[in-house]
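Engineer: What shape does this take:
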Amino acid sequence: MTLSAAVGLLALSGCGPGKLDETKNWTLDPNDSPAHALILSAQPKPQTVTVEYDSTAGEISVGVFKDADAKSLDTIQWSKAIKTETGKKSGTLVVDIPENTATQVVIGDSAKKTDVKVHVTNMKK
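Structural biologist: Numbering: from 1, shown residues only. Purely as a prediction, here's the structure:
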């Protein structure tokens, strides 16, 4: 291993979670694309993730899942989420994620076609 690679690894190991500031726009259609997910990589330190969401036409469910609990979006079990909100058109979900835990932010469960905007961040406001 080169010195620069070792210094880079050392610097990364002491840092908190990487900055997360991601916005996605999806269309949910119960007949075509009933759920979507944003995959978040594991971080070396615990982090607090904020998920803001807004649906244009219908109520949806939003959940933050451990990666292993969200392998199939077609059969997602909302009860397995670290934290979830169901039956809302908009809202904010704040979730504490343990260190070294890969997660997915999943939106779905809409009874009708709707456009959804999701903003996910781990930055303090």
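Engineer: Quick check: closest non-adjacent residue to the most centrally placed residue in the chain.
Structural biologist: Nearest residue to the geometric centre of the chain (C-alpha atoms, centre = their mean): Val105, 2.3 Å. Distances taken as C-beta to C-beta, 6 or more residues apart in numbering place Leu38 nearest to Val105, at 4.4 Å, with adjacent residues excluded. (Glycine included, C-beta is placed from N, CA and C.)
Engineer: give the contact list for the one you found.
Structural biologist: For Leu38, the contact set (C-beta atoms under 8 Å, 6 or more residues apart in numbering) comprises Glu22, Lys24, Gln104, Val105, Val118, Val120.
Engineer: Could I get those in JSON lines, plus columns for distance to Ala57 and secondary structure?
Structural biologist: Converted to JSON lines, the contacts of Leu38 look like this (distance: C-beta to C-beta, whole Å; DSSP: H, G, I helix; E, B strand; the rest coil):
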{"residue": "Glu22", "distance to Ala57": "23", "secondary structure": "strand"}
{"residue": "Lys24", "distance to Ala57": "17", "secondary structure": "strand"}
{"residue": "Gln104", "distance to Ala57": "24", "secondary structure": "strand"}
{"residue": "Val105", "distance to Ala57": "20", "secondary structure": "strand"}
{"residue": "Val118", "distance to Ala57": "15", "secondary structure": "strand"}
{"residue": "Val120", "distance to Ala57": "21", "secondary structure": "strand"}
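Engineer: got a markdown table for these, with pLDDT and distance to Ala68 too?
Structural biologist: Output for these, formatted as a markdown table (pLDDT from 0 to 100; distance: C-beta to C-beta, whole Å):
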| residue | pLDDT | distance to Ala68 |
| --- | --- | --- |
| Glu22 | 95 | 21 |
| Lys24 | 96 | 22 |
| Gln104 | 97 | 10 |
| Val105 | 97 | 15 |
| Val118 | 97 | 21 |
| Val120 | 97 | 19 |
